[in-house]
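>>> quick one, structure for this:
(one chain, ligands or ions: 1)
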Amino acid sequence: MSTAESASLASSVSEKNISVNDTTLNVISTYHEVSSSKSSTSESSVSSIVPSSTELSDHPEIAEQGTKQKHKKHHKKHRAHDQEENNDQVTISTENESIEENGKNKLFGLLKKHSLVSLLCLLVAFGGFVFGWDTGTISGFVQMSNFKERFGELNSLTNEYEFSNTRVGLIISIFNIGCAIGGVTLAKLGDTYGRKIGLMSVMVVYIVGIVLQISSFHWIQYMVGRIVSGLAVGAVSVLSPMFIAETSPSEIRGVLVSCYQLMITLGILLGYVTTFGTVHSFTDTRQWRIPLGLCFAWAIFMIVGMLFLPESARFLVEHNRIPEAKVSLARINNCDVEDDIVVNDFKEIETSIIEQRKAGEASWKELFSNDGESQILTRVIIGVALQSFQQLTGNNYFFYYGTSIFKSIGLEDSFVTSIILGMVNFLSTFIALYSVGKIGRRDNLIFGAAAMALCLLVFASIGSTVLYPKGYDQAVDQQVGGAMVWCTCMFIMVFAITWAPGVFVVVSETYPLRVRSKGMALATAANWIWGFLIAFFTPAIVSRLRFSYGYIFFGATFAAMIFVLLMVPETENLTLEKIDELYTHYKPFQAHLTRTEFDDYNKLQQRLKENPPKPKQQIGYYYKQADF
Ligand SMILES: OC[C@H]1O[C@](O)(CO)[C@@H](O)[C@@H]1O
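Residues are numbered from 1 along each chain as shown. Below is the predicted model of the structure:
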């Protein structure tokens, strides 16, 4: 496996990886890894789709002309060509790839072949479950009578306990701040002591956070507890995907790293189910203490599980622990230390580390300049904007406040509706696993944003016009409420398939090695910060705007679509090096042309290489032919 890029895998799912150290943010995109391994072969197959030898267009000037004319046509065909190119690879594929291309059972075949390592990776991916569990449970807690009694304020008019907007906003959102800090600080444990010890230690921090929460008598203590467990979860969301990326065989790396996101959605779903169970079974503190108590089980499961895992070979090589690295590779691949697989994997890791050290690390100043051809500032803006838009779609408005939203829609049991939402999210993530790398990056984001914007528009419009036919203090129209649940489910489905993984794919492959760690850190920080802002301000905004709030997310999602249309070039099927080159052809506000022209340019270069221009007279002859 290419750990140079392997290393670059994880963040597609880690969503919130913030770390500015080399090993951590060297972890980039699963999806890119998968596609880039393809592209290296597809580049060599370009010639097979380019007409050969004495064509008029072999001459540069004529070729350029022809290229321009074919431009539009080519653009449309572009994806079909990519497809063809990918198909070409089958003929030169290794045994592994042929399993992959073998239709029906390819994924299961690969998972079976690598069953041991897949299991180990699933265990690490469980870190995502812990993250999702928090989202799924806190959303229900704030609706629980006992939780409100203990941490809310008494309303003297109604004589009921409730939360002020600020308090509930803070309790929910402060977790994001913990995550942001933990991602930058605690995650470094993984670089110093190894991924295993790193993960085990942050789980201990997590336990401390849970103890603080479960023993709380005051909302401030509860909030502090959330910051502490947030610190741990932030670090987990850096370490888990990175560990998986470094450990998994390249042919199933995409799927295994994506399991981290799958685990997040499973955590959200089971969190909803559990709070539904406890809220209906108890009236005392067990309502929220049982779901919190289960966190101990998750933490112990992770800690004990880690004992059975081999340490990341990449980490070991980086720390010059070569024999151990080889043993780790042998364990993962279920073979002998002398085996070719181990030898090759080891070499790749070594090469990637050398490359990374050679590239060095850019200064922060370098990130804010477009000097030279590489458009670094533009790329930083793209990364930060995409990560911000990912939160601004409003997905966490539904995940965090779903139970409250559905309650105000008038549903009898808003906890049940949340479960439906969690289920849609979880199941749709399987589609995302399947479709990752099969749809172009731009198409995926543009289509996703358009569809989500539509759902949000309908949601906001009916919620603000026909939901309350007799006024806000009167009963809601149940049918309209039902329609809003539908809109929400459609929204979640599209989000889970497109923007949830899609943004991480694009961002992870957007930066050159030198600026990768800092670029990713900035983009991921934007995601956490917007997550915090949305979670914090939602209660206050909702109490004023009610469902018109949806228009804000509609506007942001629509803007996201326009942004991708104009600014984000297609990076599918390109190696990281080619992506770098692509940006030298970048056209702001005409991003759709960037890739087409880049491909045309590459094909022209390829032709010229294969058919160098003829001697002068002969070219003259061809000119004549052309004129004639
Ligand atoms: O599944 C939805 C969840 O996934 C995330 O996007 C993280 O990948 C969270 O922000 C959200 O709560």
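
>>> what does the stretch 251-400 of the chain have sitting close to the ligand?
261, 264-265, 268, 395-396, 399 (C-beta under 6 Å from any ligand atom). Placement of C-beta: from N, CA and C, glycine included.

>>> what's near enough to touch Gln143?
279, 403-404, 407, 414-415 (C-beta atoms under 8 Å, 6 or more residues apart in numbering).

>>> look at it and give its secondary structure.
Reducing the assignment at Gln143 to three states with DSSP: H, G, I helix; E, B strand; the rest coil gives coil.

>>> looking at this structure, which helix or strand is least sure?
Least confident helix or strand, the chain: helix 46-49 with a mean of 24, by mean pLDDT, DSSP states H and E.

>>> surely Leu154 forms part of a strand?
Yes. The assignment for Leu154 by three-state DSSP puts it in a strand.

>>> neighbours of His592, how many?
18 (other C-beta atoms under 10 Å).

>>> tell me how far it lies from the ligand.
Using C-beta to the nearest ligand atom, to the nearest Å, we find His592 at a distance of 27 Å from the ligand.

>>> that residue: which element?
helix 591-610 (DSSP states H and E).

>>> low-confidence stretches in the stretch 401-550 of the chain?
Applying pLDDT under 70 to the stretch 401-550 of the chain picks out residues 437.

>>> was I right about Val124 contacting Phe243?
Yes. Using C-beta atoms under 8 Å, Val124 is in contact with Phe243, at 5.0 Å.

>>> the stretch 451-600 of the chain: strands as residue ranges?
Counting by DSSP state E, counting those that start in this stretch, the stretch 451-600 of the chain has no strands at all.

>>> show me what from it comes close to the ligand.
Within the stretch 451-600 of the chain, the positions near the ligand by C-beta under 6 Å from any ligand atom are 500, 531.

>>> which ones are touching the residue of the stretch 451-600 of the chain found nearest the ligand?
Nearest residue of the stretch 451-600 of the chain to the ligand, counting by C-beta to the nearest ligand atom: Ala500, 5.1 Å away. Neighbouring residues of Ala500 by C-beta under 8 Å, 6+ apart: 15, 261, 390, 395, 429, 432.

>>> biggest separation within those, which pair?
Farthest-apart pair in the contacts of Ala500 is Gln390 and Thr429; separation 14.9 Å (C-beta to C-beta).

>>> helix or strand for Gly127, which one?
Here Gly127 is assigned to helix 115-141, by DSSP H and E.

>>> next one: Lys326
According to DSSP H and E, Lys326 maps onto helix 322-333.

>>> could you point out the helix or strand that follows that helix?
Sequence-wise, the next helix or strand downstream of helix 322-333 (DSSP H and E) is helix 340-359.

>>> the inter-axis angle of that following helix versus helix 322-333?
Taking axes from the mean of the first three to the mean of the last three C-alpha atoms, to 10 degrees, one finds helix 340-359 and helix 322-333 inclined to each other by 120 degrees.

>>> send over helix 340-359 as PDB, restricted to the C-alpha atoms.
Output of helix 340-359 as PDB, limited to C-alpha atoms (Å, rounded to 0.1, in the frame of the first residue of the first chain):
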ATOM      1  CA  ASP A 340       6.700 -10.200  -0.100                       C
ATOM      2  CA  ILE A 341       3.600  -8.300   1.100                       C
ATOM      3  CA  VAL A 342       5.500  -7.200   4.200                       C
ATOM      4  CA  VAL A 343       8.600  -6.300   2.200                       C
ATOM      5  CA  ASN A 344       6.600  -4.200  -0.300                       C
ATOM      6  CA  ASP A 345       4.400  -2.600   2.300                       C
ATOM      7  CA  PHE A 346       7.400  -1.700   4.400                       C
ATOM      8  CA  LYS A 347       9.200  -0.200   1.400                       C
ATOM      9  CA  GLU A 348       6.200   2.000   0.500                       C
ATOM     10  CA  ILE A 349       5.900   3.200   4.100                       C
ATOM     11  CA  GLU A 350       9.600   4.100   4.100                       C
ATOM     12  CA  THR A 351       9.400   5.900   0.800                       C
ATOM     13  CA  SER A 352       6.400   7.900   1.800                       C
ATOM     14  CA  ILE A 353       8.100   9.000   5.000                       C
ATOM     15  CA  ILE A 354      11.200  10.000   3.100                       C
ATOM     16  CA  GLU A 355       9.000  12.000   0.600                       C
ATOM     17  CA  GLN A 356       7.200  13.700   3.300                       C
ATOM     18  CA  ARG A 357      10.300  14.700   5.100                       C
ATOM     19  CA  LYS A 358      11.800  16.000   1.900                       C
ATOM     20  CA  ALA A 359       8.700  18.100   1.200                       C
END
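
>>> tell me the buried residues in it?
Using 16 or more other C-beta atoms under 10 Å as the test for burial, helix 340-359 gives 341-342, 345-346, 348-350, 352-353, 356.

>>> save those residues as JSON lines, and put in pLDDT too.
Putting the buried residues of helix 340-359 into JSON lines (pLDDT from 0 to 100) gives the following:
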{"residue": "Ile341", "pLDDT": "90"}
{"residue": "Val342", "pLDDT": "92"}
{"residue": "Asp345", "pLDDT": "90"}
{"residue": "Phe346", "pLDDT": "94"}
{"residue": "Glu348", "pLDDT": "89"}
{"residue": "Ile349", "pLDDT": "91"}
{"residue": "Glu350", "pLDDT": "92"}
{"residue": "Ser352", "pLDDT": "86"}
{"residue": "Ile353", "pLDDT": "90"}
{"residue": "Gln356", "pLDDT": "83"}
